[in-house]
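Chemist: generate coordinates for the sequence data below:
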Amino acid sequence: MRAVFFSIGTRGDAEPFLALAEVLKNHGWEVTCVFPEQFRDMVEQASISFHGFDKQFLELLESQTGKTLMGGSGGLIRKIKAMRSLARSSWKLQDQLIVTQKQCIRELQPDKIFYHPKCVYPILWEMAHPGSTILVCPIPCVVHEVKEYSTIGLTGNGNFGPFLNKLSYKAVNWIRSLVFYRLLRKQKDHLNHIKVSAGSIYRTIVFDTKSFYSISPSLFPRPAYWPRHLYVTGFVERNKKMHWQPEETLQSFLSKHEKILLISFGSMKNEAPLEKTLALLRILKKYRIPTIINTSWGGLQKIENCPEYIYFVDNIPYDWILPKVYAMVHHGGSGTTHTACKYGCPSLIIPHIVDQYFWNRRIADLGLGPRGIAISRLTTSSVEKLLLDLWENPAYKKKAREIQQKMSSEGMSKDLLVMIGDEVKP
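Modeler: You can find the predicted model right below:
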């Protein structure tokens, strides 16, 4: 069997697809990942075939406009202008991205196509070849209705009651379908037997396409009212420490401190990394909290001449460090949130973009940490009480240990291959 995996976005978007690709590869499948070119090394280190999307999409996120959106800085008008600017720029790229998807499918002739909600062409392929694609979502509340939450794409994922919540999904899915129709109507050259309209795209996305939510059922149980073609498959963590070795100074730091905090904003950026880092450092210094700060993609910045109980790294595998720390302050990406829970770490989430606000609420609702504040509001005074609550409240650690125990027996569903298709048996 042959599978191709399409994902567009940051590392948090690519990781769930690579994890799934590794599972199928271990079951004898021939797999290919098609991600932004920036992730070529990550995929090829896993000995998996790679095709690259143009680098420009991620470079847009790293631009000043992208930082304004991800960092949440500025007022509403500034954010709307940034969103419009990014949409115009990304629209110009979409044709190129779609052509890459089409060429890969025609070249590889996969039995199954796994694709991210940001990818468009697989929708057309599903319409022409029913049952050939699977939508993979690392977060809920994107396409399919969750009664307790409105959709992430329209309202930031609040709860406005059953009627308005349901209406939000319909509205966003129709908007998505209209946009996709504009992109796809000129791409059906060799699929002339299908009728493409906004309505047919809507039905394909919402009602016809098998969808995998790569989420732990301990954090998000599958709603009982969901139709049979929607699955919560469980969370799979890749072994990211395979090609990484810690420095001796880091090992020494870990041996000196019994209780340690980890701070990381992953692949998120903002317009004021120095200001945000200094705001957190003032609290860490005031209470002498031993902390590892991961600067990663630039959302935080290394500060020289810090106390010996502050340690900076620019890249650290979470599966290596989280078993060694007490708690974590992070951006609330789905993968980071799951990994922290898997290793029994309470979380304080500082959300940057829309889906991270869902996990911020979810972690607080589950008692796994205090409800955090947006990155745009992060100051010493605004986050001090929250950070201390995370550090000193034993109830969060107790609950995190309980979730850790539940997740230890999950992983990706043992029935995954049966879910993919009845013609494939484990």
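
Chemist: residues contacting the residue lying farthest from the centre of the chain?
Modeler: Most distant residue from the mean C-alpha position of the chain: H193, 35.8 Å away (CA atoms, centre = their mean). Each residue near H193 by CB atoms under 8 Å, 6 or more residues apart in numbering is listed here: A128. Glycine gets a C-beta too; all of them are placed from N, C-alpha and C.

Chemist: again, only this time at 10 Å
Modeler: M127, A128 (CB atoms under 10 Å, 6 or more residues apart in numbering).

Chemist: repeat that for A395.
Modeler: Residues in contact with A395 (CB under 10 Å, 6+ apart) are P346, G367, L368, G369, D389.

Chemist: so where's the chain uncertain?
Modeler: 57-92, 153-157, 188-190, 192, 241-242, 411-415, 422-426 (pLDDT under 70).

Chemist: redo that, cut-off 50
Modeler: Flagging of the chain using pLDDT under 50 yields the residue ranges 64-76, 79-80, 82-83, 86, 155, 422-426.

Chemist: ok, which stretches of it are strands?
Modeler: 2-6, 30-36, 49-53, 112-115, 133-137, 210-213, 230-232, 261-264, 291-294, 310-313, 327-330, 347-349 (DSSP state E).

Chemist: kindly indicate which of the contacts of A395 lies nearest E30.
Modeler: Nearest to E30, judged by CB to CB, of those is L368 at 38.9 Å.

Chemist: and that closest one, how many residues sit next to it?
Modeler: Residues lying near L368 (other CB atoms under 10 Å) number 28.

Chemist: what does it show for phi and psi?
Modeler: phi -100, psi 10 (degrees, to the nearest 10).

Chemist: before we move on, the earlier item: from the contacts of A395, which land in helices?
Modeler: D389 (DSSP state H).

Chemist: mind putting the contacts of A395 into JSON lines with distance to L18?
Modeler: Output for those, formatted as JSON lines (distance: CB to CB, whole Å):
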{"residue": "P346", "distance to L18": "27"}
{"residue": "G367", "distance to L18": "31"}
{"residue": "L368", "distance to L18": "26"}
{"residue": "G369", "distance to L18": "27"}
{"residue": "D389", "distance to L18": "35"}
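
Chemist: what lies in contact with stretch 403-419?
Modeler: 1, 19-20, 22-24, 27, 29, 134, 210, 212, 214, 216-219, 229, 231-237, 338-346, 363, 366-368, 424-426.

Chemist: buried residues, stretch 280-291. List them.
Modeler: L280, L281, I283, L284, I289, P290, T291 (16 or more other CB atoms under 10 Å).
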